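Engineer: Here is my input, please return the structure:
(3 chains)
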Amino acid sequence: MQTISVKTHQHCEMIDITSSISDILSSLGLSEGWITAFVPHTTAAVTINENADPDVLHDLLFRLDQLSPRDLPEFRHAEGNSDAHIKTSLIGSSVTIMVENGRLCLGTWQGIFFCEFDGPRNRKLWIKTNP
Amino acid sequence: MQTISVKTHQHCEMIDITSSISDILSSLGLSEGWITAFVPHTTAAVTINENADPDVLHDLLFRLDQLSPRDLPEFRHAEGNSDAHIKTSLIGSSVTIMVENGRLCLGTWQGIFFCEFDGPRNRKLWIKTNP
Amino acid sequence: MQTISVKTHQHCEMIDITSSISDILSSLGLSEGWITAFVPHTTAAVTINENADPDVLHDLLFRLDQLSPRDLPEFRHAEGNSDAHIKTSLIGSSVTIMVENGRLCLGTWQGIFFCEFDGPRNRKLWIKTNP
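Structural biologist: Take a look at the predicted model:
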């Protein structure tokens, strides 16, 4: 297992980690199989989405804030970050990407994004290949 | 890796691709392991849900439209399909199904659905088995 | 493939199944690889989130009820549980966890939760390791 460290700077933020994962893939020399990125936090997630126009990320984070707002009066969790826990389960804690000819199999516009929902913090992802 | 082509006819649409994936599984002759369907687009997704009553799909798409509406005034992405990008990250870009005795392991009512969120378009899914 | 049986007692409920999965891992003696939990139902899901403060689960279920309410007038599905089908596709039907040194690779605060969205019922999860 390899670890990617991610330093986030905003409360909510999507950070393109595609090249970091691609670099790990190259260093391992895996030609054919799978690579998984797993987020070992409960207020951060990982997703695949467009890596061309940063406005897509803005819009995604904006709407997620509406879907999971901070400080609903019914929330009980004393840490005050229930919104981040909810976003995490909506988006998910891992992605698995196919590998062929030593390269990540991603569509033309796809990138892999670490999703910070309760930053800024120092975060990490665990990366593991199969086989 | 195999490719499934999907032609969508609606702006938003869920298409049952279970038999296409099952056919690929049969053609590959995999007896035991895993099969993954990956969507290489950023405005389409894949999910597992009920394949018996089409009204379930209607209700799911209807509510998703409310959770991720088109044309919020705060949206910045110029293509005007931010709703589709948001739905994609909410639903997810891949599913992995167990294989035993040469068959997909799905529950009685489960089917695998390609989710079009910005159609109609010609789409594809990548299918890969393990081992 | 192994099966975990889960008896739910509420209409909506999150049940920590981490130790059940860990026990299966121990019984199989897998040292290094992957373990997947798959829910073969269409009104229940599985997710990873905080296992320390039960209030996180309360808040997550509370907000999911708002994101996917029962009995919208536009719903057509006659069984009346469209809300549960929608939640299932938002949260997802499976999680895959890395295994190293015979142990589940989870972050400090992470647990694996079966999500009942249309209970109470007798449910099951399918567990399979790789290799």
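Engineer: What residues sit buried inside the top strand by length along chain A?
Structural biologist: Using DSSP state E, we find that the single longest strand of chain A is strand A:122-130. Of the residues in strand A:122-130, those buried under the neighbour-count criterion (16 or more other C-beta atoms under 10 Å in any protein chain shown) are A:123, A:124, A:125, A:126, A:127, A:128, A:129, A:130. All C-beta spots, glycine's among them, are computed from the backbone N, C-alpha and C.
Engineer: which residues touch that strand?
Structural biologist: Residues from elsewhere that reach strand A:122-130 (C-beta atoms under 8 Å, 6 or more residues apart in numbering or on different chains): A:1-8, A:17, A:21, A:24-25, A:28, A:30, A:33-41, A:44, A:46, A:99, A:114, A:116, B:130, C:33-34, C:98, C:105, C:130.
Engineer: Show me which residues of chain A are close to chain B?
Structural biologist: Residues of chain A that fall close to chain B, judged by C-beta under 8 Å from any C-beta of the partner chain: A:33-34, A:47-50, A:53, A:55-56, A:58-60, A:62-64, A:67, A:90-92, A:95-98, A:100, A:105-110, A:130.
Engineer: Report the buried members of these.
Structural biologist: Among the residues of chain A next to chain B, those scoring as buried are A:33-34, A:47-50, A:53, A:55-56, A:58-60, A:62-64, A:67, A:90-92, A:95-98, A:105-107, A:109-110, A:130 (criterion: 16+ other C-beta under 10 Å).
Engineer: Please export the C-alpha coordinates of stretch A:94-105 as CSV.
Structural biologist: Listed next in CSV are the C-alpha coordinates belonging to stretch A:94-105 (Å, rounded to 0.1, in the frame of the first residue of the first chain):
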residue,chain,number,x,y,z
SER,A,94,-13.0,4.9,-2.7
VAL,A,95,-12.6,4.7,-6.4
THR,A,96,-11.2,1.8,-8.4
ILE,A,97,-9.7,2.4,-11.9
MET,A,98,-8.8,-0.2,-14.5
VAL,A,99,-5.1,-0.3,-15.6
GLU,A,100,-4.1,-1.4,-19.2
ASN,A,101,-0.7,-1.1,-20.8
GLY,A,102,0.6,0.6,-17.6
ARG,A,103,-1.9,3.4,-17.8
LEU,A,104,-5.0,4.5,-15.9
CYS,A,105,-8.1,3.9,-17.9
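Engineer: How about residues contacting it?
Structural biologist: Under the criterion C-beta under 8 Å, 6+ apart, residues A:18, A:21-22, A:25-26, A:29-39, A:46-48, A:106, A:112, A:129, B:1, B:36, B:38, B:40, B:93-94, B:96, B:126, B:128, C:95-96 lie in contact with stretch A:94-105.
Engineer: Filter those down to the ones in strands?
Structural biologist: Judged by DSSP E, strands contain the following of these: A:33-38, A:46-48, A:112, A:129, B:36, B:38, B:94, B:96, B:126, B:128, C:95-96.
Engineer: mind listing what residue A:28 touches?
Structural biologist: Residue A:28 is in contact with A:2, A:129, counting by C-beta under 8 Å, 6+ apart.
Engineer: Quick check, pLDDT for it.
Structural biologist: Here the pLDDT value assigned to residue A:28 is 95.
Engineer: What distance do you get for it to chain B?
Structural biologist: Counting by C-beta to the nearest C-beta, to the nearest Å, the gap from residue A:28 to chain B is 17 Å.
Engineer: need the longest helix for chain A.
Structural biologist: Once chain A is assigned using DSSP state H, the helix that runs over the most residues is helix A:54-67.
Engineer: Let's see it as PDB, backbone CA atoms only.
Structural biologist: Listed in PDB are the C-alpha atoms of helix A:54-67, where the atom choice follows Å, rounded to 0.1, in the frame of the first residue of the first chain:
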ATOM      1  CA  PRO A  54     -12.800  24.200 -12.700                       C
ATOM      2  CA  ASP A  55     -16.300  25.700 -12.700                       C
ATOM      3  CA  VAL A  56     -17.600  22.100 -12.600                       C
ATOM      4  CA  LEU A  57     -16.000  21.700  -9.200                       C
ATOM      5  CA  HIS A  58     -17.400  25.000  -8.000                       C
ATOM      6  CA  ASP A  59     -20.900  24.000  -9.000                       C
ATOM      7  CA  LEU A  60     -20.500  20.500  -7.500                       C
ATOM      8  CA  LEU A  61     -19.300  21.800  -4.200                       C
ATOM      9  CA  PHE A  62     -21.900  24.600  -4.200                       C
ATOM     10  CA  ARG A  63     -24.800  22.200  -4.700                       C
ATOM     11  CA  LEU A  64     -23.400  19.700  -2.200                       C
ATOM     12  CA  ASP A  65     -23.400  22.500   0.400                       C
ATOM     13  CA  GLN A  66     -27.100  22.900  -0.300                       C
ATOM     14  CA  LEU A  67     -27.800  19.200  -0.100                       C
END
